[in-house]
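> Next come a sequence and a model predicted from it.
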Amino acid sequence: MFDGAGNGVLGSFSSKIRLAYAISLLGPLSYSDLLLINDIRNVFAHSLHRVSFSHPLIIKDCDRLQYFKMTMERVMGSYTPHRKSLDLFSDTILAIHIGFLRLLMQTIPTKNELLNRRVSQTTLDDMIWQLPSP
């Protein structure tokens, strides 16, 4: 099922992203950013030409990443644009990773919640709004 080389149903990163969205683990913001991160990754992995984060199309894609920007606006009150697309790309991945860790720590259901089917439907996007604001 998870075997990418063996064409498993959940073998690709994009199929895992789509499943996480389908079961409401991801909200629309994190979903679109993760698909964009996957697209950028695929350009680097499968391009026949040399590609870098200074390529105009990669810069344009990185500028479309929103999760880190929204996180900074929530925590700091504003977002200062990155000078390098690689920095925004890396910070977005880090922000999503931290959001996932926070989500996992908050949503580990108790035995009673599982038995009564009262498990929280918090998404990764919800983690932004639970951050302290300035």
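Noted; the coordinates are in hand.

> quick one: pLDDT of residue 74?
Residue 74 is assigned a predicted lDDT (pLDDT) of 86.

> Go ahead and confirm it touches residue 130.
No - the pair residue 74 / residue 130 is not scored as a contact, 9.1 Å apart, by Cβ atoms under 8 Å. Bear in mind the C-beta positions are built from the backbone N, C-alpha and C, glycine included.

> And the lowest mean pLDDT element among the helices and strands of this protein?
Ranked by mean pLDDT, DSSP states H and E, the weakest helix or strand in the chain is helix 111-115, scoring a mean of 61.

> for the helix or strand just after that helix, packing partners?
Using DSSP states H and E, the helix or strand that directly follows helix 111-115 along the chain is helix 126-129. Helix 126-129 sits against helix 67-76, helix 85-106, with contacts defined as 3 or more Cβ pairs under 8 Å, 6 or more residues apart in numbering; DSSP states H and E.

> Deepest-packed of those helices, please.
helix 67-76 (a mean of 18; mean count of other Cβ atoms under 10 Å).

> want to throw the helices and strands packed on helix 126-129 into a markdown table with distance to residue 44?
Output for these, formatted as a markdown table (distance: least, Cβ to Cβ, whole Å):
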| stretch | distance to residue 44 |
| --- | --- |
| helix 67-76 | 19 |
| helix 85-106 | 11 |
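
> Which of those helices sits closest to residue 22?
Among the helices and strands packed on helix 126-129, helix 85-106 comes nearest to residue 22, with 16.2 Å by Cβ to Cβ.
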